[in-house]
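Enquirer: Compute the structure for the input listed below.
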Amino acid sequence: MSERFVSSNKKGALEGTKIITDTKTGVQYLFAFSGYAGGLTILVDKDGKPLVDESKMSYID
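Expert: Presented below is the predicted three-dimensional model:
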């Protein structure tokens with residue numbers, strides 16, 4: 001069984017960003033953090049549609 005969410009691009013232990021991908025839908029999110037604060041938002045293309053990484057999608061439930 002695979003994990004529902006995978007992350008990459010972590011920069012630093014207390015400050016940085018991560019790209020989080022939902023392995024069921026392929027939709028990508030940006031998580032930015034600094035110390036105890038952080039924020040999460042969906043990544044979109046120029047038309048406002050969610051960015052999808054099909055290479056990280058698992059087709060097995």
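Enquirer: Please enumerate the strands of this protein.
Expert: Ranges of strands within the chain are 5-8, 15-22, 28-34, 37-42, based on DSSP state E.
Enquirer: In space, not sequence, find me the middle residue of this protein.
Expert: The centroid of the chain falls nearest to Ile20 when counting by C-alpha atoms, centre = their mean (1.6 Å).
Enquirer: and the strands of the chain as a markdown table, adding mean pLDDT?
Expert: As requested, these are arranged in a markdown table below (pLDDT from 0 to 100):
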| stretch | mean pLDDT |
| --- | --- |
| strand 5-8 | 84 |
| strand 15-22 | 91 |
| strand 28-34 | 94 |
| strand 37-42 | 96 |
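Enquirer: Dump those to TSV, plus distance to Lys49.
Expert: Bear in mind the C-beta positions are built from the backbone N, C-alpha and C, glycine included. Output for those, formatted as TSV (distance: least, C-beta to C-beta, whole Å):
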stretch	distance to Lys49
strand 5-8	20
strand 15-22	15
strand 28-34	12
strand 37-42	10
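Enquirer: Among these, single out whichever gets nearest to Lys56.
Expert: Distances from Lys56 to each of the strands of the chain were compared using C-beta to C-beta; the minimum, 4.6 Å, belongs to strand 15-22.
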